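1. predicted model and sequence below, questions to follow.
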Amino acid sequence: MRAAVAPVVAGTCALALLFVGCAGGSVPETPIEEPTVTAAPEAPVEEPVVTKATIVAWAENAEWSFAADGLWEPETVALQDGEGDDEYLRTYTLGEAVEGDADGDGVVDVVIPITQLDGNAMHVLWYVWLGRDDAASGEQPADQLVYPIARMSRCGDTVHEVTALDVGFRIEQTLWMPHTDAGRDCASGGTGEQTRDVVVSEIDGDPYPIQVAPLEAWGGVCPRSEWLDGILDEGFDIRAAAAASAPVVVDASETVGLYELPEAPLLTAGGQRFFGFQTEELMADSENPIRMHCGFYG
């Protein structure tokens, strides 16, 4: 009976060694490998189509609208690599662009100065280029606003700086005052120090520059009047732009001083009147060198 049982026991021990060991033996521990986690590939980040760089690159090789003094009928100027000329041998050069958001739509806009040289005469206009939210890669990224927001010339206005605000642009300038500065030399510049904040608003489907500070008024170039005194009047709803739906900045119940301005075909093509105005508050502010702003009627 024992001889018959022994092989079974031995076989049992041998089999047990495969699992838990026999006679006090142990199974060596096998290290558990952590599973390898493969990170999902990152989706490529799409670069925005409309940036300061893409707008400037387009503007440097575009046809520009150039309206002398910001008032006259515009001429077309073709640029290549930021430079150009016209049939009168006047040359044109672009300056440094300023990035911002002129209309608050979240799309990049820029202001670019363009300088015209005509012999010894220099004329600079600051134009807004409005970024297009529907622009695809390779398409025109921005549109030029036809109304410049600032101007500079020899023996005329001086623009010191244009900077971006949260919405709009700030223009720091010194205006040449036709009466008080008449006897000054050109190198000294004018005396009408002024800071203006300008935004772009779409009115009746078209964009217009609107001044929002120091008070609401026309946001394009506002020339000075040759008149020493304005005519006090009332009954005018003075608007901030030529469009019929433009915001009214002085209502008909308020007495204002009205000032005749130089011709401005760019601004009066629709038959509206373009003139300077002083509110009662401005008329009382004798410390302010700039008490006249511009608006429209009709």
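-> Done, it's in. The model shown is predicted, which means the values in this text are computed figures rather than measured ones.

2. going forward, measure contacts between C-alpha atoms and count neighbours the same way
-> Fine.

3. excluding chain neighbours, what is closest to Arg90?
-> Nearest residue to Arg90, sequence neighbours excluded (CA to CA, 6 or more residues apart in numbering): Asp118, at 4.9 Å.

4. just checking, the one you found touches Glu87?
-> No - with contact defined as CA atoms under 8 Å, Asp118 does not reach Glu87; the gap is 11.6 Å.

5. have a look at the two and say which one is more surrounded.
-> Asp118 (13 against 7; other CA atoms under 10 Å).

6. now do the same contact list for the more buried one.
-> Asp118 is in contact with Leu89, Arg90, Thr91, counting by CA atoms under 8 Å, 6 or more residues apart in numbering.

7. drop anything exposed from the residues you listed.
-> Buried positions within the contacts of Asp118, assessed by neighbour count (16 or more other CA atoms under 10 Å), are Thr91.

8. of the contacts of Asp118, which is the nearest to Val159?
-> Set against Val159, the nearest of these by CA to CA is Thr91 (20.2 Å).

9. what sits opposite that closest one in the beta ladder?
-> Asp85, Leu117 (DSSP bridges).

10. my guess is it contacts Leu117, does it?
-> Yes - with contacts counted by CA under 8 Å, Thr91 reaches Leu117, the gap being 5.3 Å.

11. wait, doesn't Val111 sit right on Leu125?
-> No - assessed by CA under 8 Å, Val111 is found out of contact with Leu125, at 10.0 Å.

12. which of the two has more residues huddled nearby?
-> Val111 (28 against 24).

13. wait, a strand at the more buried one?
-> Yes - using DSSP: H, G, I helix; E, B strand; the rest coil, the assignment for Val111 is a strand.

14. tell me where the protein has helices.
-> Assigned by DSSP state H, the chain shows helices spanning 2-17, 52-59, 265-268, 280-283.

15. which secondary structure elements does the second one contact?
-> Right, helix 52-59. strand 109-118 (3 or more CA pairs under 8 Å, 6 or more residues apart in numbering; DSSP states H and E).

16. what about 10 Å?
-> strand 98-100, strand 109-118, strand 121-131, strand 142-144 (3 or more CA pairs under 10 Å, 6 or more residues apart in numbering; DSSP states H and E).

17. the inter-axis angle of that helix versus strand 109-118?
-> Going by axes from the mean of the first three to the mean of the last three CA atoms, to 10 degrees, helix 52-59 is angled at 40 degrees with respect to strand 109-118.

18. so what's the residue count around Ala217?
-> Quick note: Ala217 (other CA under 10 Å) scores 28 neighbours.

19. list the contacts of it.
-> For Ala217, the residues meeting the contact criterion (CA atoms under 10 Å, 6 or more residues apart in numbering) are 198, 209-211, 238-241, 247-250, 276-277, 292-296.

20. could you rerun that using 8 Å?
-> Ile210, Gln211, Arg239, Ala240, Ala241, Val249, His293, Cys294, Gly295.

21. in stretch 227-236, what's buried?
-> Gly230, Phe236.

22. let the chain start at 45 from now.
-> All set: I'll call the first residue 45, so the last point we hit is now stretch 271-280.

23. contacts for that stretch next, please.
-> 223, 294-304, 321, 341.

24. same question for it, mean pLDDT?
-> Stretch 271-280 shows an average pLDDT of 82 in the prediction.

25. just stretch 130-147 next, same as before
-> 97.

26. show residues contacting it.
-> 96, 100, 104, 121, 123, 126-129, 151-163, 172, 174, 206-213, 242-245.

27. which among the residues you listed end up buried?
-> In the contacts of stretch 130-147, the ones that pass as buried (16+ other CA under 10 Å) are 96, 100, 104, 121, 123, 126-129, 151-161, 172, 174, 206, 208, 211-213, 242-245.

28. remind me which residues of the chain are low pLDDT?
-> 45-90 (pLDDT under 70).

29. mind running it again at 80?
-> 45-91, 272-273 (pLDDT under 80).

30. let's see stretch 332-342 as PDB, backbone CA atoms only.
-> Listed next in PDB are the C-alpha coordinates belonging to stretch 332-342 (Å, rounded to 0.1, in the frame of the first residue of the first chain):
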ATOM      1  CA  ASN A 332      -9.400 125.400 -23.400                       C
ATOM      2  CA  PRO A 333      -7.400 126.200 -26.600                       C
ATOM      3  CA  ILE A 334      -9.700 123.900 -28.600                       C
ATOM      4  CA  ARG A 335     -13.300 124.900 -28.100                       C
ATOM      5  CA  MET A 336     -14.600 124.100 -31.600                       C
ATOM      6  CA  HIS A 337     -15.500 120.700 -32.900                       C
ATOM      7  CA  CYS A 338     -17.100 119.500 -36.100                       C
ATOM      8  CA  GLY A 339     -20.500 118.100 -37.100                       C
ATOM      9  CA  PHE A 340     -23.100 117.800 -39.800                       C
ATOM     10  CA  TYR A 341     -26.600 119.100 -40.400                       C
ATOM     11  CA  GLY A 342     -29.100 118.300 -43.200                       C
END
